[in-house]
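[1] next come a sequence and a model predicted from it.
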Amino acid sequence: MPSSLNVCVVLSAADLDERYTQPAREFAELLGRAGHTLVWGGSDAGLMKVVADGVREGGGSLVGVSVDFLRAFARDEVNEMVIAADLAERKAMLLARADAVVVMVGGSGRSTRPPTSWNCASIGTTTSRSSSSTRTASTTGS
């Protein structure tokens, strides 16, 4: 297992109660301090922002995978931001870049991702990182 992991965190961009944000922030800071990279939906709002801030403050890297129609909500200060054409491509890109997947509290779209992740992992389709950032990829920040 690599010493530094790409950890995909699936979560909400909604503003949530501190009973959710506090543990999420603590987890994110641990990820960052361990030198791991957060792979997430790329939003700079709600719980997604809390986790990205925690990873960054802990010293970790950020790889956002947004979707074209949400581009306006994408975080600016990231190591890499990939823009998918649609939600299906976004999900595939998130999973392809992940060494591990963590599911946190979120909206209705979260219910499909854990089974998809488990199924893909069981047949070996998520065992290697993908370099196929097929749409728009840019690097900003550190």
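    Arrived safely.

[2] max-length helix in this protein?
    helix 18-33 (DSSP state H).

[3] would you list every one of the strands in this protein?
    Using DSSP state E, the strands found in the chain span residues 6-10, 37-40, 61-67, 80-84, 100-103, 136-138.

[4] let me know the average pLDDT across the last one.
    Yep, that's strand 136-138 we're talking about. For strand 136-138, the mean per-residue pLDDT is 36.

[5] any idea which helix or strand in the chain has the lowest mean pLDDT?
    Taking mean pLDDT, DSSP states H and E as the measure, the helix or strand of the chain with the lowest value is strand 136-138, at a mean of 36.

[6] how about the spatially most central residue of the chain, what does it touch?
    The residue lying closest to the centre of the chain (Cα atoms, centre = their mean) is residue 40, at 1.2 Å. Residue 40 sits next to 8, 9, 10, 11, 48, 51, 52, 62, 63, 64, 65, 94 when contact means Cβ atoms under 8 Å, 6 or more residues apart in numbering. The C-beta positions use only the backbone N, C-alpha and C, and glycine is treated the same way.
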